[in-house]
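**Q** Sequence and computational prediction follow.
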Amino acid sequence: MDVKVLGAANEVGRSGFLVNCDGTKLLLDYGVMFGRRGSPPQYPIHVKPKDVDAIIITHAHLDHSGNVPSLFVSGNTDVYATPPTFDLSKLLINDMLKIEKNAHPFDLPELNNMMKNAKEVGFREKVTKGNATFEFRNSGHVIGGSTVLVESKDKKLFYTGDIKTNGSRMLKEMDLDMGEIDLLITESTYAKTEQKPRIESERELIEFANEVMDRKGILFVPSFSVERSQEIACILRSANFKHKIIMDGMALKVNEIMFKHPEYLRDPKVFSEAIKSATAIREHAERKRAMGEPCVVISPAGMLVGGNAVYYLQQLSFDSKNGIALVSYQGEGTPGKKLLDTGMVSTRGKDLHVKAEVKQFQFSGHADKKELFDMIKRIKGNPKVWTVHGDSESCVSFAQEIHEKFGFDTYAPAVNDEITI
């Protein structure tokens, strides 16, 4: 079994790994990476569709799925993912194409062709393709999100994609029962970071929400449309939050997809109650009316880059009764990062100081250092280990620590690197 890195080496984005199983070639993820605003997107190394026997998508986030339609410009091949991953990938890629017109080497026809070649696979369903077999396992990262176990000629590769070993209020914990493996390709996004326990972040968010309500204000929660928006609604619902909760933007479409796939949720009942009790905003005229009383507003985008979040930010930032809860990662150069670091927002061409109270809360969908090492402890066999999907320093230091603690042969690969097991 030979594996080649196409992207996601010493960086977060454009994931892609080409696995050659004695002539059967599997492509694990094929994503896109977005730079600072205004800079062009970046892609993994190009592969020809005719040279790939199957494409395997671990989950719908664009850094793992966003470039798959490029393989349908001049050819076809089978694409495998869980049902929620296909539904969400179609939604997110379609939105990307709408926002970034003519920025990518493919468009809606290629996306539609990708979906025509979609092969839905559930967790732990073994698929045979030529000289290889593979199956998806629950990753705990996003609904339908998977790790991948590939087997060929008594060799086993385990690719994590993105993982959250303990899961979340929305998702069950990661499935780590896969027997002995020969190669582990693991994400390293937060390999240097220890996050606050989820239960503490939830308690602090609820306290902040109640404080804002007590002063008759509105709490704005800019949040990623996939998973994070729904998780925040579920947290408030589980805490018997008494005030109105508003949901807006693409999160509403994601809600519909999640209702289609309750078997992929930790507690479908809590999810259903939380979403059905929230007020869905579908028309611009409804927004101002809905904020006529103390309430919580959950709306994408999580980093305040576009979306309906811009409207709420401008409406709510300049009243000290209000609050802004940042519950998503804030990338460098984004309005969310600017707000967090400077307390300022840009409106009508001017930078203005925000009067609303701003707080950040840790709700990452990625495993932190402790969780990653807990996963490594549970790995069976004596595998070689590749550390990927993190900044250069994180990948290298994580590889060194794994080698020191467990004795595994570890390496932080670069794009184009190959390994044989």
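**A** Happy to help now that I have it.
**Q** just the helices in the stretch 201-350 of the chain please.
**A** 228-238, 251-260, 268-277, 284-290, 309-316, 335-342 (DSSP state H, counting those that start in this stretch).
**Q** Show me the residue sitting in the middle of this protein in space.
**A** residue 61 (4.8 Å; CA atoms, centre = their mean).
**Q** From residue 291, how far out is that one?
**A** Computed as CB to CB, to the nearest Å, the residue 61 to residue 291 distance reads 30 Å. Quick note: C-beta positions are derived from backbone N, CA and C, even for glycine.
**Q** Of all the helices of the stretch 201-350 of the chain, which one comes closest to residue 19?
**A** helix 251-260 (28.8 Å; CB to CB).
**Q** And that closest one, what's buried?
**A** 251-255, 257-258 (16 or more other CB atoms under 10 Å).
**Q** Secondary structure element for residue 101, which one?
**A** Taking DSSP states H and E as the definition, residue 101 sits outside all helices and strands.
**Q** Pull the contacting residues for it.
**A** By CB atoms under 8 Å, 6 or more residues apart in numbering, no residues touch residue 101.
**Q** quick one, helices of the stretch 51-200 of the chain?
**A** Using DSSP H, counting those that start in this stretch, helices in the stretch 51-200 of the chain cover 62-65, 83-99, 108-116, 198-214.
**Q** For beta bridges, what are the partners of the closest residue to residue 79 other than its chain neighbours?
**A** Leaving out its chain neighbours, the residue that sits closest to residue 79 by CB to CB, 6 or more residues apart in numbering is residue 55, at 4.5 Å. In this entry, residue 55 is beta-bridged to residue 27, residue 79, by DSSP bridges.
**Q** tally of neighbours for residue 55?
**A** 26 (other CB atoms under 10 Å).
**Q** Kindly provide the distance from it to residue 283.
**A** 38 Å.
**Q** Ok, residue 64 next?
**A** From residue 64 to residue 283 the distance is 33 Å (CB to CB).
**Q** Which of those two has more residues huddled nearby?
**A** More crowded of residue 64 and residue 283, by other CB under 10 Å: residue 64, with 31 against 7.
**Q** May I have the helix or strand hosting residue 374 exported as PDB, CA atoms only?
**A** Take DSSP H and E as the rule and residue 374 turns out to sit in helix 369-378. Only the C-alpha atoms of helix 369-378 are listed here, as PDB (Å, rounded to 0.1, in the frame of the first residue of the first chain):
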ATOM      1  CA  LYS A 369      -3.900  17.800  22.700                       C
ATOM      2  CA  LYS A 370      -5.300  15.700  25.600                       C
ATOM      3  CA  GLU A 371      -7.900  14.100  23.300                       C
ATOM      4  CA  LEU A 372      -5.400  13.400  20.500                       C
ATOM      5  CA  PHE A 373      -3.000  11.600  22.900                       C
ATOM      6  CA  ASP A 374      -5.900   9.700  24.400                       C
ATOM      7  CA  MET A 375      -6.700   8.500  20.900                       C
ATOM      8  CA  ILE A 376      -3.000   7.500  20.300                       C
ATOM      9  CA  LYS A 377      -3.000   5.500  23.500                       C
ATOM     10  CA  ARG A 378      -5.900   3.400  22.200                       C
END
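**Q** what comes into contact with the following helix or strand past it?
**A** Next along the chain after helix 369-378, taking DSSP H and E as the criterion, comes strand 384-388. Residues outside strand 384-388 that contact it (CB under 8 Å, 6+ apart): 3, 5, 8-10, 15, 182-188, 191, 376, 394-396, 398-399, 402, 408-413, 419, 421.
**Q** which of those count as buried?
**A** 3, 5, 8-10, 15, 182-188, 191, 376, 394-396, 398-399, 402, 408, 410-413, 419.
**Q** how does the protein divide into domains?
**A** Residue ranges for the domains of the chain, per automatic domain parsing: 2-193+365-420, 198-360.
**Q** List the residues that contact residue 127.
**A** 80, 119, 121, 133-135.
**Q** Just these: which are in strands?
**A** 80, 119, 133-135 (DSSP state E).
**Q** hang on, the earlier thing: export the domains of the chain to JSON lines and tack on mean pLDDT?
**A** Formatted as JSON lines, the domains of the chain follow (pLDDT from 0 to 100):
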{"stretch": "domain 2-193+365-420", "mean pLDDT": "95"}
{"stretch": "domain 198-360", "mean pLDDT": "95"}
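**Q** circling back to that earlier point, you'd agree the residue nearest to the centre of the chain is up against residue 92?
**A** Yes - using CB atoms under 8 Å, residue 61 is in contact with residue 92, at 7.4 Å.
**Q** residues bridging contact with the two, i.e. touching both?
**A** Between them, residue 61 and residue 92 share the contacting residues residue 226, judged by CB under 8 Å, 6+ apart.
**Q** what about residue 414, neighbour count?
**A** Close neighbours of residue 414, defined as other CB under 10 Å, add up to 12.
**Q** any idea how far residue 221 is from it?
**A** Look at residue 414 and residue 221: by CB to CB, they are 38 Å apart.
**Q** again with residue 309
**A** Residue 309 is 9 Å from residue 221, by CB to CB.
**Q** Mind checking which of the two has more residues around it?
**A** residue 221 (29 against 25).
**Q** now the more buried one, which residues is it bridged with?
**A** residue 298.
**Q** can I assume it is in contact with residue 232?
**A** Yes - Residue 221 is within contact range of residue 232, at 5.5 Å (criterion: CB under 8 Å).
**Q** so what's residue 158 up against?
**A** The contact partners of residue 158, taken as CB under 8 Å, 6+ apart, are 147-150, 178, 181, 183-185, 379, 383.
**Q** Between those residues, which sits nearest residue 313?
**A** Using CB to CB, these come closest to residue 313 at residue 147, 36.2 Å.
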